[in-house]
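In: Mind looking at a prediction? Sequence and model below.
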Amino acid sequence: MNTTTSSDAIDSTSRSTRSRRAKPIAIAVARTALGLFLIANAPVGTLIPVPPSGGAGDAIIAALWQSPFIMVMAKLVELSVGVSLLSNRYVPLALTLFAPVLLNIVGFQAFYVRGFLPVGLLMLTITLSLAWHHRAAYRSLFVAKSV
């Protein structure tokens with residue numbers, strides 16, 4: 001016996017409609033939060049001193065900043081990815097460019113600055129959720145071509 005009433009059907013329809021509307025809002029909030037964080041973090045080391053990480057971590061950061069290329073490129077990637085995420089333009093490309101930088105951020109935090117690891121893991125979670133949302137753009141990267 002079917003005991004579903006019309007009000008139950010309306011409730012389930014409105015729940016699914018709310019769910020569909022909430023997903024793009026959540027993605028937009030995540031994209032904006034990550035973009036703002038990356039833009040705010042880009043001057044760290046250039047205009048703002050790097051917080052001390054202690055011992056070997058400080059030595060690694062100092063060596064990377066002595067390089068004329070590596071940290072400048074990483075900060076430019078962070079800045080450009082942040083701008084791309086905030087403008088909602090080329091988001092899949094921006095996430096692809098940010099992946100190696102994020103991997104190094106999380107790795108450095110895991111081995112040298114454990115106190116900041118939750119921030120890196122949050123950035124990783126947001127990045128993976130955005131990549132999952134744009135997964136259709138990445139399909140062509142995983143297609144094996146015959147030789």
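Out: Yep, that arrived. Numbers count the residues shown, from 1 in each chain.
In: from here on, contacts and neighbour counts on C-alpha atoms
Out: Noted.
In: Nearest the geometric middle of the chain, what residue?
Out: Central residue of the chain (Cα atoms, centre = their mean): Thr127, 2.9 Å from the mean position.
In: Please tell me how far the closest residue to that one other than its chain neighbours sits from Trp132.
Out: Spatial nearest neighbour of Thr127, chain neighbours left out: Leu95 (6.9 Å); criterion: Cα to Cα, 6 or more residues apart in numbering. From Leu95 over to Trp132 the distance is 11 Å, taken as Cα to Cα, to the nearest Å.
In: who has more neighbours, the two?
Out: Neighbour totals were compared for Leu95 and Trp132, and Leu95 leads with 20 against 13 (other Cα atoms under 10 Å).
In: Helix, strand, or coil at the residue nearest to Thr127?
Out: Under DSSP: H, G, I helix; E, B strand; the rest coil, Leu95 falls in the helix class.
In: my read: it touches Gly82, true?
Out: No - using Cα atoms under 8 Å, Leu95 makes no contact with Gly82, being 9.8 Å away.
In: is it true that Ala26 lies in a helix?
Out: Yes - according to three-state DSSP, Ala26 belongs to a helix.
In: Got the confidence number for it?
Out: Predicted confidence (pLDDT) for Ala26: 92.
In: Check the one 5 residues further on too.
Out: The pLDDT attached to Arg31 in the predicted structure is 96.
In: Done for today, thanks.
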